[in-house]
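*Asks:* okay, sequence plus prediction incoming.
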Amino acid sequence: MEAVSIHLEFTPNPNTLKFVVNRELLPKGAAHFGSIDKTDQAPLARAIFEVPGVQALLIGTNFVTVTKSDDGDWDILAERVPLTIERHLADGKAVFSADYAFEQPAATASGDVSEVERKIKEVLDNDIRPAVAMDGGDITFGKYENGIVYLHLQGSCSHCPSSVATLKMGVETRLREVVPEIKEVVQM
């Protein structure tokens, strides 16, 4: 098997870095971790949180986005995070345990998905999420109510200075092209 290779990419968010790995970490989507408390079934995430200065992280299909804490040092993170990922994968350790519960997309209260919600999720999954993943982030559907789409921003998108512009100029514009009933897109 080919050696583990990792390269660093900068993101639009000055508090995050994206580490791209030459391995599949996740078949699709992304898994967000806001603290080490949620990593019992995610051994790679737990190992990364042990690096001083990691505030949050997002594991995508072939990347890990790390958000730095206020007291974190980019020099330490840029050196130790890729080493942690490389050792973990080279040792054949699992990224997630077999019984890890990946978050499922939110459904309406009745469990039924309306045609509008189906279209929103389709555009998110096929157009928007892949583009956002390129910058080390993820956007997931929260709910649709009274013409307003509520979305969760994670990874480099979370608290990014340009996230409002991304939502309004990019995501909202694209969703309104497909679903004219949408009045607004907001972050949850």
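*Replies:* That came through fine. Numbers count the residues shown, from 1 in each chain.
*Asks:* quick one, what contacts residue 74?
*Replies:* Residue 74 is in contact with 17, 68, counting by CB atoms under 8 Å, 6 or more residues apart in numbering. Backbone N, C-alpha and C define where each C-beta goes, glycine included.
*Asks:* please enumerate the strands of the chain.
*Replies:* With DSSP state E, the ranges of strands along the chain come out as 6-10, 16-21, 31-33, 54-59, 63-68, 137-145, 148-155, 184-187.
*Asks:* and the residue nearest the centre of this protein?
*Replies:* The centroid of the chain falls nearest to residue 138 when counting by CA atoms, centre = their mean (3.7 Å).
*Asks:* and it, how close does it get to residue 61?
*Replies:* 10 Å (CB to CB, to the nearest Å).
*Asks:* which neighbours do the two have in common?
*Replies:* Shared contacts of residue 138 and residue 61 (CB under 8 Å, 6+ apart): 29, 30.
*Asks:* does residue 54 touch residue 66 like I think?
*Replies:* Yes. The pair formed by residue 54 and residue 66 meets the contact definition of CB atoms under 8 Å, at 5.7 Å.
*Asks:* which one of these two has more residues nearby?
*Replies:* Using other CB atoms under 10 Å, the more surrounded residue of residue 54 and residue 66 is residue 66, with 29 against 23.
*Asks:* on that earlier part again, and the residue nearest to the residue nearest to the centre of the chain when sequence neighbours are not counted, how far is that from residue 188?
*Replies:* Distances taken as CB to CB, 6 or more residues apart in numbering place residue 30 nearest to residue 138, at 4.0 Å, with adjacent residues excluded. To residue 188, residue 30 is 16 Å away according to CB to CB.
*Asks:* of these two, who's got more company?
*Replies:* For residue 30 versus residue 188, neighbours defined as other CB under 10 Å are more numerous around residue 30 (25 against 12).
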